[in-house]
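**Q** Next input, structure requested:
(chains A and B)
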Amino acid sequence: MNINLDRERAAERGVLTNPLEGMMIAEPPPAHEPMGFFTDSTICIGCKACEVACKQWNMLPADGTVWSGQSYDNTLHLSETTWRHVSFTEQALPDGGVRWLFNSDVCKHCTAAPCQEACPTGALIRNEYDDVYVQQDVCNGCGYCVVACPFGVLGRSKADGTVHKCTLCYDRQRDGMEPACAKSCPTDSIQFGPVSALKEKARQRVAHLHAQGKTEAYLYGADDAGEYKALNAFFLLTEEPAAYNLPPAPRHPTARMGRRYLWSALVGIGLGAVSLMAMAQGKGDD
Amino acid sequence: MALRELPTVEVDKRQAPWSGNGRYGAAHARPRDAYKDVPILKPPTWSHEIAAYFYLGGISSGAYVLAGAAEAMGGQRYKPLARVAHYVSVATMLPCPALLIADLGKRSRFHHMLRIVKPSSPMNLGAWALTVHGAMATLTAVRVLAGEGKLPLLGPVISLLPERALAVAGLPSALTLGGYTGVLLGTSSVPAWFKSPLLGGLFMASAMSTGAAAAKLAAALGGLEQRRSDPALKLIGVASGLTEGALLGGYLATSGPAAAAYGKGRPRLLMAGAAAALCAGTALEIVRSRVNGAGRVMGIAAAAATLAGGALLRWAVVIAGHPSSQDRDVTLEVMKPAPEAPGWTPSGDGVEK
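**A** Take a look at the predicted model:
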């Protein structure tokens, strides 16, 4: 069916399909200022407008309703068909009250992205907005990015066999519009813009909250944290990252690759040398 | 129902993880960790095809290195062994591309693996290593066939290729193929794979031991005179077996909390089997070298045990990735703040920086 569609499209264009099309590398557009998200969990009201807007704009299929029993969250995690996910935490307070923690989770668009580094086909690229983007027509569904991501963002679709994730509305950005989730957010919990400006805004917001006595407020992902570099989609949180199901200190797989190759090379060369010696030694016995 | 009663709700663990007591969300009983039962990582999409590929690719690599060493240093004495090892290498290489393609989500795009050269991706490097190794193993095996006079038509032409130089030229790609598989798994976020730095070395050692064992088995079953090939194979078998055993222990020890993946279910069974078979294979090989000439049967048994151990090892490691990625406690434990990765937590609020 896909092949027929491709052929139809090719016929419309009046050209023959080029069997090597997937192997050609296009000239990249000029670099733009890095663009990203600042998600402020303290003003999120858990309305899920972002989830719905994302599904609608990106034409993502429904996930099927499963009653999770986890508060009002029946989505539970990001996946190939869920690119925004609002986490719900109901906290019983010692004084008998209850408070809600909401946070709209999304692909972090890491500035050093393990998924992008792992991708063997070059389907995962860093686009001109410094966002991590899957070229759907290049991805062959090898699944390496799925295990590379320390946030569990990417999923392989059973429908088309390729991997899908948040594009940071690449299509909307190219038309000068903000991503669908940020556009639909009624409280501006999700803000979109140049990463440097967003960071400035986020730091002011944290200082403001601290001044109000809410000293638990902090930024998740705005700065480099050792081997894991900053995120272009970062968050303002008030609880430990695990409360939002985020890893407190993700490790960078590629940063550790050299040591692994070194061990492999040492063993290979060592045992190779043993083999050479063994052969040389036995040669004369004949 | 008054709100102040909420914290006392007990969660019945026998019920579905999310059910709580049926009246309140489980979150009430665990105010700080509502997402306790939702894994942070996605499970690997890899299974039997990948385990089988890692295993066969390893044998092909190890057998090629053995053959290369025999051609380079072994002189006439090890010529027959080199030939057998070259056949083993090409035979075990042949199913590899099919296994890899079968695993893809979009099989018709398998060739996209080779549309770029990308050293930051061990899978891309591996695809290139397999391509080059496949060509070299095939070419060398054809050259060996021609050398034996089994290629009546093309034989004279192919015989012009220098056999020894050809065998040595294929060594880098063969060594890469044997070890990159462990590095590939190690360059991921799955705790059981990435925690230890030794997985690449372990798979490399296993490639050498299984490659030598497969060549030995093929030589024995093919009726190659044992006396001629024996001393070198003994030494290589013992050296690679001991290295593999040491690295296996080291891998589990340096995995720390991530080694929990091998503590239950199928991974435990497979890993225990791998360790037992490796010990048995290496022990048999050592005992055999002490009681010199004590037996063809012992040699065959040692090779079979080593081969079984290598297979069980690949399956154990690949299969363990699934439960390991779904173990949220271990994920949080291996991704907790450390000097090299301080992370983002309330204590470091990101304001002053």
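**Q** Which residues are in contact with the residue of the stretch 51-200 of chain A found nearest chain B?
**A** Going by C-beta to the nearest C-beta, chain B is nearest to A:G141 of the stretch 51-200 of chain A, at 2.0 Å. C-beta here means a position set from N, CA and C on the backbone, and glycine is covered the same way. By C-beta atoms under 8 Å, 6 or more residues apart in numbering or on different chains, the residues touching A:G141 are A:R156, A:G161, A:T162, A:V163, B:T45, B:L104, B:G105, B:K106, B:R109.
**Q** how about the strands in the stretch 51-200 of chain A?
**A** A:84-92, A:98-106, A:124-126, A:132-134, A:155-156, A:163-164, A:190-194 (DSSP state E, counting those that start in this stretch).
**Q** Sheet partners, orientation included, of the fourth one?
**A** Looking at strand A:132-134 with DSSP bridges, its partner strands are strand A:124-126 (antiparallel).
**Q** Show me what counts as buried in the strand it pairs with.
**A** Across strand A:124-126, burial judged by 16 or more other C-beta atoms under 10 Å in any protein chain shown covers A:L124, A:I125, A:R126.
**Q** how about CSV for those, with pLDDT added?
**A** Shown next, in CSV, are the buried residues of strand A:124-126 (pLDDT from 0 to 100):
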residue, pLDDT
A:L124, 97
A:I125, 95
A:R126, 95
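**Q** which among those residues gets closest to B:F203?
**A** Nearest to B:F203 among the buried residues of strand A:124-126: A:L124, at 25.2 Å, using C-beta to C-beta.
**Q** nearest spatial neighbour of that closest one, skipping sequence neighbours?
**A** Once flanking residues are discounted, A:L124 sits nearest to A:Q116: 4.4 Å by C-beta to C-beta, 6 or more residues apart in numbering or on different chains.
**Q** before we move on, what about B:E244?
**A** B:A205 (4.0 Å).
**Q** Tell me how far the host helix or strand of that neighbour lies from the chain's centre.
**A** Following DSSP states H and E, the helix or strand that holds B:A205 is helix B:199-221. Mean C-alpha position of helix B:199-221 versus that of the full chain (C-alpha atoms, centre = their mean, to the nearest Å) differs by 12 Å.
**Q** could you say what helices and strands it packs with?
**A** Judged by 3 or more C-beta pairs under 8 Å, 6 or more residues apart in numbering or on different chains; DSSP states H and E, the packing partners of helix B:199-221 are helix A:257-283, helix B:48-73, helix B:79-93, helix B:171-186, helix B:226-254, helix B:265-290, helix B:296-326.
**Q** what comes up buried for it?
**A** In helix B:199-221, counting by 16+ other C-beta under 10 Å, buried: B:199-220.
**Q** Could you do stretch B:329-341 as well?
**A** B:V330, B:T331, B:L332, B:V334, B:M335, B:P337, B:A341.
**Q** residue ranges with poor pLDDT in the stretch 1-150 of chain A?
**A** In the predicted model of the stretch 1-150 of chain A, residues A:1-19, A:21-26 satisfy pLDDT under 70.
**Q** Give me every residue in it lying close to chain B.
**A** Residues of the stretch 1-150 of chain A lying close to chain B (C-beta under 8 Å from any C-beta of the partner chain) are A:22-23, A:25, A:68-71, A:76-77, A:79, A:87-92, A:96-98, A:114, A:117-123, A:138-144, A:146-150.
**Q** Pull out the buried members of these.
**A** A:22, A:68-71, A:76-77, A:79, A:87-92, A:114, A:117-123, A:138-144, A:146-150.
**Q** one step back: I'd like the average pLDDT over the helix holding B:A205.
**A** The average pLDDT within helix B:199-221 is 95.
**Q** just to revisit the earlier point, of all the helices and strands packed on helix B:199-221, which one comes closest to B:F194?
**A** Among the helices and strands packed on helix B:199-221, helix B:171-186 comes nearest to B:F194, with 5.6 Å by C-beta to C-beta.
**Q** Whether the closest one contacts chain A - can you check?
**A** Yes: using C-beta under 8 Å from any C-beta, helix B:171-186 reaches chain A at B:L171, B:L175, B:G178, B:G179, B:Y180, B:G182, B:V183, B:L184, B:G186.
**Q** any idea which of these is the one closest to chain A?
**A** Within those, proximity to chain A (C-beta to the nearest C-beta) peaks at B:G179, which comes in at 3.3 Å.
**Q** what's whichever residue of chain B sits closest to chain A sitting at in phi/psi?
**A** Closest to chain A within chain B is B:G105: 2.0 Å, counting by C-beta to the nearest C-beta. Torsion angles at B:G105 (phi, psi; degrees, to the nearest 10) stand at phi -70, psi -30.
**Q** Quick check: it touching A:H164?
**A** No: the pair B:G105 / A:H164 is not scored as a contact, 10.7 Å apart, by C-beta atoms under 8 Å.
**Q** Remind me what the least confident helix or strand in chain B by mean pLDDT packs against, helices and strands.
**A** Ranked by mean pLDDT, DSSP states H and E, the weakest helix or strand in chain B is helix B:155-158, scoring a mean of 82. When contacts are defined as 3+ C-beta pairs under 8 Å, 6+ apart, helix B:155-158 packs onto helix B:122-147.
**Q** hmm, back to that, of the residues of the stretch 1-150 of chain A next to chain B, which belong to helices?
**A** Among those, DSSP state H puts A:P114, A:E117, A:A118, A:Y144, A:V146, A:V147, A:A148 in helices.
**Q** export the residues you listed to CSV and tack on distance to A:A211?
**A** Formatted as CSV, these follow (distance: C-beta to C-beta, whole Å):
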residue, distance to A:A211
A:P114, 36
A:E117, 40
A:A118, 42
A:Y144, 45
A:V146, 42
A:V147, 42
A:A148, 40
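**Q** for those residues, which one is nearest B:R83?
**A** Of these, the one sitting nearest to B:R83 (C-beta to C-beta) turns out to be A:Y144, at 36.8 Å.
**Q** Contacts only, for that closest one.
**A** By C-beta under 8 Å, 6+ apart, A:Y144 lies in contact with A:A118, A:C119, A:P120, B:S121, B:M123, B:L184, B:S188.
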